[in-house]
Each structure stands twice: as structure tokens, then as C-alpha cells.
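Undergrad: output the structure for:
(chains A, B, C, D, E and F)
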There are 4 protein chains.
Amino acid sequence: MQTRERLIESASHLFVRFGFAGTSLRDIAEEAGYSQGAFYSNFPCKEAVLLEILKRHTAMEDEEIEAIVGNECHSIEQVLAAVETWCEKFEKDRDWSILTIELQLHALRSPTFAESYAQFWLAHEERIAELIRLTFERSGKIVPAHAPQLAAGLMALANGLAVQESMKRPPAIAATMALFLRTLITGAEQNASVAPC
Amino acid sequence: MQTRERLIESASHLFVRFGFAGTSLRDIAEEAGYSQGAFYSNFPCKEAVLLEILKRHTAMEDEEIEAIVGNECHSIEQVLAAVETWCEKFEKDRDWSILTIELQLHALRSPTFAESYAQFWLAHEERIAELIRLTFERSGKIVPAHAPQLAAGLMALANGLAVQESMKRPPAIAATMALFLRTLITGAEQNASVAPC
Amino acid sequence: MQTRERLIESASHLFVRFGFAGTSLRDIAEEAGYSQGAFYSNFPCKEAVLLEILKRHTAMEDEEIEAIVGNECHSIEQVLAAVETWCEKFEKDRDWSILTIELQLHALRSPTFAESYAQFWLAHEERIAELIRLTFERSGKIVPAHAPQLAAGLMALANGLAVQESMKRPPAIAATMALFLRTLITGAEQNASVAPC
Amino acid sequence: MQTRERLIESASHLFVRFGFAGTSLRDIAEEAGYSQGAFYSNFPCKEAVLLEILKRHTAMEDEEIEAIVGNECHSIEQVLAAVETWCEKFEKDRDWSILTIELQLHALRSPTFAESYAQFWLAHEERIAELIRLTFERSGKIVPAHAPQLAAGLMALANGLAVQESMKRPPAIAATMALFLRTLITGAEQNASVAPC
DNA sequence: AATGAATGAGCATTCATTCAT
DNA sequence: CATGAATGAATGCTCATTCAT
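TA: Numbers count the residues shown, from 1 in each chain, chains lettered A, B, ... in the order given. A predicted model of the protein is given here:
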């Protein structure tokens, strides 16, 4: 089982660095310290490890969001602070964003993969939508659009910036995300009934 | 010269469909109806055609923006309409966004390409920044952040959505861009001196 | 391991026939009855098999010389006879000489290969120098020049004739080598202290 | 006509540096400052320029030998000095020796070329044989073997050393040639009738 | 005579995948 | 479960040569 773990770790490292197409099984196996054959004892094909990485990463991100949303007792300031901290992760961990884009591009081209991927993505999007709903609610504002649309926009912004800002020092991912989000909140209509904890 | 044009057309079509890494020279040449050798009579390497595509596409986009910005006489409504029309292009022509992401990913991995690419990108970003400045100015508002940051955000949003929304029917690229932009304008501070034409 | 052997055999056969540049991996693999991939399971690159061939051939030649030099008990006649037999090998096995020239030409152009090659060559040259010293010693003569220089000359003569005499029937490689060597011995100064076995 | 000359010059330079197989027509044409098509306006194929180079080089060498042999009035010392000067050329101009080896290897593999080449070579060999006969004659000695055999040996020695000594600093081509030649002369039988000029 | 665009076969090398052990 | 040898197709690229202009 340790073999599987090490292969996944090597793979995600290499996919981030060189892309899915740019990473060979030789490389994955070698970096993990196993033979190429060992890979096929653990995964049916190259795509499978990509899916596994996605699964794990999404689960991890979902947990983080859940931690914010699940905590029923926090004030406006606390929610906003939590969300901004969450935004900063995208700047620190640009690799994941690049891998996500990689995943999405691959889904664009592989119908098999696209199907598996869509499930994960939509569920993930809904979780972020929930985070957005909470943020607006705690701010006493009405969500100015369909929440999943805002979620999608925020994710696209984060991932898009991750690949785009590579030529800039320093990149402004978290700041831009925060700017957009804060403006959306500030500009939103007041809600009649506010229910802080 | 016709050969070159056809090769570029084939290449950009295939890069969009299968990615840069996923497209072979054989495919490009074949689809254009030429031999592989013909490719190398027209380009020094595979990367060169990618750069040429970028050059052309950026030039085209820049012209469109110039057409809006350059026209000195339009009201708030006219500018906003022009900008929204411009946003709609990203939804209609998602291929270009995908290609842009492809370009950015390739730049992330090829230092040679990254350098050439950065030049184009930063110039392009500045042009969009100009468009944003105009829009806020005509709206009688102060730009709420460094204009290039907003430009970068808007582009990242468009491109990020292009690859992300592939699993949704219908995609909401233009709408999301417009939502973000409109909120930014509405939420911005009033400018003391307004100068409509 | 059998694969490796067969590939080496095919390669040396083809290098002799068509030269290093004129032999393709396709040819090597095909003649050995394997796929091209099999070659790369056994060698890191094309040059590697050339080096392996060199290694083996040099080892073989060195053993032959060692057999003559190592045998402490032989008279002048025995040494001369052994040396002449050794010379005859160059006529019988002209292929090796051609391969050696091929190797030297390749070393002339590939710095990587040159370094590996120089090591083998100088060691080999020294062994032949030892053979020459023995021959003169047993003949009771003083070596009329730096022994490695004579060794180099003798090898150059053999290899040079191998490629040059291809248009003659019959080639006179061994005879010419013997003529030069015998003249050198005959013409050399007498040694004061002779120590036959 | 100038075109032809420049192409020949480029070709011989490149053949020496990179070998026949390692030199492309692109390179030849480019270095000469012409298009590849221009080459085919002047030569029927790649081999043709090799033959032309050979023709010219041989003619040049023959002239030099002729100059020594043709001069009927020189003493032993003069002949020996002239011959040693001639030997030194091989060390200074190792490139030609390498090209000659290249030519011989190519002849070994191309029957068409071999035929053309043999003619030149045998004529050239006979001229050197004449030089050797003269040298021995002026030294008052009997040529100790068939003169063309000695000529062939001397050439093989020179060319063989040229490719072989590439890894040594300094190479000892002229010295080794002189050593062999002088020993042959010294060791030869005295001639009854000497006819100095 | 010279160009330059084009060809088509060929190159060394890499790949995901298979399978007997 | 893991190996390591092998496959066969594919890759980016180079080549000598052709030919309309």
C-alpha cells in the first residue's frame, strides 16, 4: 500500500511541474523508487492516478470549506477573515490550481475522464457556493446572483490567475480574489432579516 | 505563403482541440495537406507556430479593444454596451481562451517560450487596463484598484471559466464577467470631475 | 541478456559494413530480431553500443598480446613468429581495423565519446609498446625510439592499410607490417647485455 | 563558376570537420552563401563534390611530388630534406588525411564511388612509389621491397596516424614517418652502381 | 544559373502498456 | 505485489533531392 502512496505523491509532484502529457510513467515510477511495472500493479492506466489525485485534493479542500461553513457560531468579521485566509491558500499553493487547470483541459479532451471529473467538480462547486451563501448571510446581504455562479467565477479567477501570473513578481492572486469578493459583498443589497449567532 | 497560412490554421485548430503537447507535427501537416518537411520550411520548430498564433490573436484582440478605447465620443451606455459585447466574445470564442491557457501552461514549462510570451502578455494586459480605465472614467467612477490588476483578473476569469465551464450547459462566461465588472463599477467611489463627450 | 549480446553482434557487423553514421538503430534492432525499444532497454544511446564493442574488442586484443608478452620463456624466433602471427590477424580481420578507424573518426567529432575512447586507446597502445619492447629485447637490440611511438605507428599502419587496400587484390597488410617491423629490428643498435630465457 | 568554387571550398571544409555523412547539403550551401538548389545546378549529387575535392587534392599532391622527383639534379641530402619536408605536410595538414580516410571508407561502401576512387588512388600511389625509388637511388641503396608497397605503407601510416593521434598533444606524425623511412633506407642493401647528379 | 518551397523517407529517441517470472 | 525486459507506435526533426519559377 505504501507503494501506491508513493506513486501518487510522485505523480502529483510531476504533473504539477511538467503537466499530465509532459510526465512519463518512467518518471513517476523512478521518482517513487519503483519499476514501471509496479505502477500497473496499482493503477489500471495513467489517467487513473490523475483521478485519484483529484479525489484526494478535492476531499482536502472540501474539508477546509466545511470547517468554515460548519462552524455555526462566528460573526461577520470571523467569516470574512476565514474566507480571506482561504483565498490566500490559492496563492501559496498555486501548484494545485495549475493541476486543476491541467485536469480540466484533460477532461475537455477525454470524455471518459470528463464524466468522472464533472461529478467531483460540481460537488466541489456546490460546497464553495455554500461558503459564499454563508458569507453573504453573515454580512446581512442578499447573494447578488446564483451562488454556484459566483463560486465558479471565484474558482476560475483563482485558477486562471495561477497560470497567468507566472510571469509576474509578485503575483496578486489572493489580493485580486479578495478585491472581487469584497466588492460583490459591499455592492449587494441589504437583507431584511439578519441572524448572527 | 499560402502554405504558412494553412499550417497556422491547422495548428491553432488542433492546439485548441488536443493541446500543444497532444498535437503532433504530423497531424498539423496532414490536416493542412502538406508534408512534415513543409512545416520546417516555414517554421524553425514546433514552438514557433504557437508563438505566431499568439502574435496574431493578440494583435486581433488589441485591435478590437483599440476600436472601443480609440473612439473618443461615446457615452456611459455606449461604453458599457461595447464592453459587454467584448465580454460576449469570450463565450463565443472559448477556443481562444483555451489556447491562451495552453500557451500559459507551455510558458510555465519552457523558459524560452516564457520570455517571448511575457512580452505579448504584458502589452495585452495594459491595453485591457486602458479599456477598464475608460469604462470607469465614462461611468464617472474612480478605478477601485490598479487597473492592470483588474485587467488581469478579468482575463483570468474569462480564461479560467472557458476551461472550467466545459461541463456545463449552458456556460455562463459573459454573464459572470459582466456581473463582476458591473459590481466593480457600481461599488466604486464617485469621481468629482466627470467629462462625458 | 541474450538480447544485449545479439544487439552488440548486429551492431558491430553493421558498423563495419556501413559505418557508425550509416547504421540506423532500426537496422541494428531488426537484424538482431528485436524492436527498437529493446535496444533502449539495453543501451542508453547509440554511442553506448559503440563503446561496448570497443571495450570488448580491446579486451580481446589485449589478451592476445598478454599471452605473448606474459610467456616468459621464448626465444627470439618464438617471439618473432608470435608477432608475425599477431600481424596476420590484422589482415584476416580487417573489419576490426575498419571499426577502429570508425571509432577514431567518431571520437574526432564527439567530445563525449573522445574522452571514453582515449582511455582505452592509450592503455591499448601501452600494451603494444610492451610487446615491442619484448621483441627488441629478445632480439638483443635497443628500441630505436619511444616504444609507444612505434606502437602507434604500427597500429596506424595496420588500420590505415585496412581501409586503403580495399581496392587491391590481394591486400598486403601483414606483409607490410612485418617488413616495417623487421627493418626496424635489423636496423637497431645491438644491446650490450642480452638475457634470453 | 565562382559558385562552384565556393561550394567546393565549403564542402571540403565541412567534410573534414564533420565527415561526409555528418555534413548536410544545407550546411554546404549555407556556408557558401547559396541556396541548396544552387548545389544541384553545379553537381549531380552529394558524392560528386567529394570526387571533385579528391581530384583537386590529388592533383595538388602529385604536383608537389613531381616537383621533387622531376628535379633531376639533387644530392642525397637534398632528396632526404625534400622528403622530410613532404612528410611534415601530413602533420600540418592532418585534415586532408582525415578526408582521405573518409574517402576510403566511403569507397568501401559505395561501389560506384570505389571505381572512380581506385583510379585516382593507384595513380597517386605510383607517384609516391617513384619518389621512394628516387630516394633510395640517391641514397645508393636498393629498394627493399616493391616500391608501391612501401608507398602504400607510408600513406597508410600518415593517414592512420592522422585519425589516431587526435587525442595526443603533440601528435608525432612527421617524426614517425621519418623514423620508419630512415630506418628502411639505412637498413637497405648497398647498390653497386650509384649515379648522383 | 540560381532560387526557395516542397517532398517523402529516414533518423534517434520516448512512450504507455504488457507479461512471464 | 513487484520486476525488468520487451513491444510497437509515435514524436520532433533532418536529409538528399526535385522542380516550377
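
Undergrad: in contact with the residue of chain A found nearest DNA strand E, which residues?
TA: Relative to DNA strand E, the nearest point of chain A is residue A:24 (3.2 Å; CB to the nearest atom of the strand). Backbone N, C-alpha and C define where each C-beta goes, glycine included. If a contact means CB atoms under 8 Å, 6 or more residues apart in numbering or on different chains, then residue A:24 has no contacts.

Undergrad: what about it, distance to DNA strand F?
TA: 11 Å (CB to the nearest atom of the strand, to the nearest Å).

Undergrad: what's the answer for residue A:145, then?
TA: Taking CB to the nearest atom of the strand, one finds residue A:145 at 42 Å from DNA strand F.

Undergrad: grab the nearest non-local neighbour of residue A:47.
TA: Leaving aside its sequence neighbours, residue A:47 sits nearest to residue A:113 (CB to CB, 6 or more residues apart in numbering or on different chains; 5.7 Å).

Undergrad: what strand or helix carries the one you found?
TA: helix A:111-138 (DSSP states H and E).

Undergrad: immediately after that helix, which helix or strand?
TA: helix A:147-164.

Undergrad: looking at that following helix now, give me its mean pLDDT.
TA: For helix A:147-164, the mean pLDDT works out to 96.

Undergrad: same deal with stretch A:129-138?
TA: Mean predicted lDDT for stretch A:129-138 stands at 93.

Undergrad: okay, now the domains of chain A?
TA: A:1-43, A:51-187 (automatic domain parsing).

Undergrad: using TSV, lay out these together with distance to residue D:46.
TA: Below are those laid out as TSV (distance: least, CB to CB, whole Å):
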stretch	distance to residue D:46
domain A:1-43	38
domain A:51-187	44
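
Undergrad: nearest to residue D:42, out of these?
TA: Shortest distance between residue D:42 and these, using CB to CB, is found for domain A:1-43: 45.7 Å.

Undergrad: residue ranges in chain A under the pLDDT threshold?
TA: A:193-197 (pLDDT under 70).

Undergrad: just the helices in it please.
TA: A:2-18, A:25-32, A:36-42, A:46-70, A:76-92, A:94-109, A:111-138, A:147-164, A:173-187 (DSSP state H).

Undergrad: which one of those lies closest to residue D:181?
TA: Taking these one by one with CB to CB, helix A:25-32 is closest: 57.8 Å.

Undergrad: what residues sit buried inside that closest one?
TA: A:25, A:27-29, A:31-32 (16 or more other CB atoms under 10 Å in any protein chain shown).

Undergrad: looking at the residues you listed, which is nearest chain B?
TA: residue A:27 (13.8 Å; CB to the nearest CB).

Undergrad: give the contact list for the closest one.
TA: A:10, A:14, A:18.

Undergrad: number of residues surrounding the residue nearest to residue A:47?
TA: When neighbours are counted by other CB atoms under 10 Å in any protein chain shown, residue A:113 registers 19.

Undergrad: what of residue A:46?
TA: 16.

Undergrad: report the separation between it and residue B:22.
TA: 13 Å (CB to CB, to the nearest Å).

Undergrad: my read: residue A:166 touches residue B:108, true?
TA: Yes. Counting by CB atoms under 8 Å, residue B:108 is a contact partner of residue A:166 at 5.2 Å.

Undergrad: compare the two and say which is more crowded by neighbours.
TA: residue B:108 (23 against 20).

Undergrad: does stretch A:161-171 reach chain B?
TA: Yes. Using CB under 8 Å from any CB of the partner chain, stretch A:161-171 reaches chain B at A:161, A:163-167.

Undergrad: so what's residue A:86 up against?
TA: Taking CB under 8 Å, 6+ apart, one finds A:64-65, A:68, A:131 in contact with residue A:86.

Undergrad: again, only using 7 Å
TA: Residue A:86 makes contacts with A:64, A:68, as judged by CB atoms under 7 Å, 6 or more residues apart in numbering or on different chains.

Undergrad: what residues does chain A put near chain B?
TA: A:18-19, A:21-22, A:98, A:101, A:104-105, A:107-109, A:114, A:118, A:121, A:144-145, A:149, A:152-153, A:155-157, A:159-161, A:163-167, A:172, A:176, A:179-180, A:183-184, A:186-187 (CB under 7 Å from any CB of the partner chain).

Undergrad: rerun that using 6 Å as the cut-off
TA: A:21, A:104-105, A:108, A:118, A:145, A:149, A:153, A:156-157, A:159-161, A:163-164, A:166-167, A:172, A:176, A:179-180, A:183-184, A:186-187 (CB under 6 Å from any CB of the partner chain).

Undergrad: look up how far chain D lies from the residue nearest to residue A:35 when sequence neighbours are not counted.
TA: Counting by CB to CB, 6+ apart, residue A:29 is the residue found nearest to residue A:35 once chain neighbours are left out, at 6.0 Å. Per CB to the nearest CB, to the nearest Å, residue A:29 is found 36 Å from chain D.

Undergrad: I'd guessed residue A:29 sits against residue A:39; true?
TA: Yes. Using CB atoms under 6 Å, residue A:29 is in contact with residue A:39, at 5.3 Å.

Undergrad: quick one, what contacts the residue nearest to residue A:35?
TA: Residue A:29 is in contact with A:35-36, A:39, counting by CB atoms under 6 Å, 6 or more residues apart in numbering or on different chains.

Undergrad: among those, the buried ones, what's the PyMOL command?
TA: Listed next is the PyMOL selection for buried residues among the contacts of residue A:29, using 16+ other CB under 10 Å:
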select buried, chain A and resi 39
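
Undergrad: could I get the contacts of residue A:29 as TSV with distance to DNA strand E?
TA: Shown next, in TSV, are the contacts of residue A:29 (distance: CB to the nearest atom of the strand, whole Å):
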residue	distance to DNA strand E
A:35	8
A:36	4
A:39	7
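
Undergrad: can you list the residues of chain A near DNA strand F?
TA: A:2-4, A:34-38, A:40-42 (CB under 7 Å from any atom of the strand).

Undergrad: out of those, which are buried?
TA: Buried among those by 16+ other CB under 10 Å: A:4, A:34, A:38, A:42.

Undergrad: apart from its chain neighbours, what residue comes closest to residue A:164?
TA: residue B:156 (5.1 Å).

Undergrad: that neighbour reaches residue A:161, doesn't it?
TA: Yes. Using CB under 6 Å, residue B:156 makes contact with residue A:161 at a distance of 4.2 Å.

Undergrad: compare the two (neighbour count), which wins?
TA: More neighbours surround residue A:161 than the other of residue B:156 and residue A:161, with 29 against 25 (other CB under 10 Å).

Undergrad: report the contact partners of the more buried one.
TA: Taking CB under 6 Å, 6+ apart, one finds A:173, B:156 in contact with residue A:161.

Undergrad: from residue D:160, how far off is it?
TA: For residue A:161, the distance to residue D:160 - CB to CB - is 66 Å.

Undergrad: neighbours of the residue nearest to residue A:158 when sequence neighbours are not counted, how many?
TA: Nearest non-adjacent residue to residue A:158, counting by CB to CB, 6+ apart: residue A:90, 4.2 Å away. Per other CB under 10 Å, the neighbour tally for residue A:90 reads 21.

Undergrad: follow-up on the earlier one: out of the helices of chain A, which gets nearest to residue C:82?
TA: Among these, helix A:25-32 sits nearest to residue C:82 (CB to CB), with 51.0 Å.

Undergrad: now that closest one and helix A:46-70, what's the angle there?
TA: For helix A:25-32 against helix A:46-70, the angle by axes from the mean of the first three to the mean of the last three CA atoms, to 10 degrees is 60 degrees.

Undergrad: C-alpha coordinates for helix A:25-32, CSV please?
TA: The C-alpha trace of helix A:25-32 is given here as CSV (Å, rounded to 0.1, in the frame of the first residue of the first chain):
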residue,chain,number,x,y,z
LEU,A,25,5.3,6.8,-16.2
ARG,A,26,9.1,6.2,-16.3
ASP,A,27,9.5,9.4,-14.4
ILE,A,28,6.7,8.7,-11.9
ALA,A,29,8.0,5.2,-11.1
GLU,A,30,11.6,6.3,-11.0
GLU,A,31,10.9,9.2,-8.6
ALA,A,32,8.9,6.9,-6.4
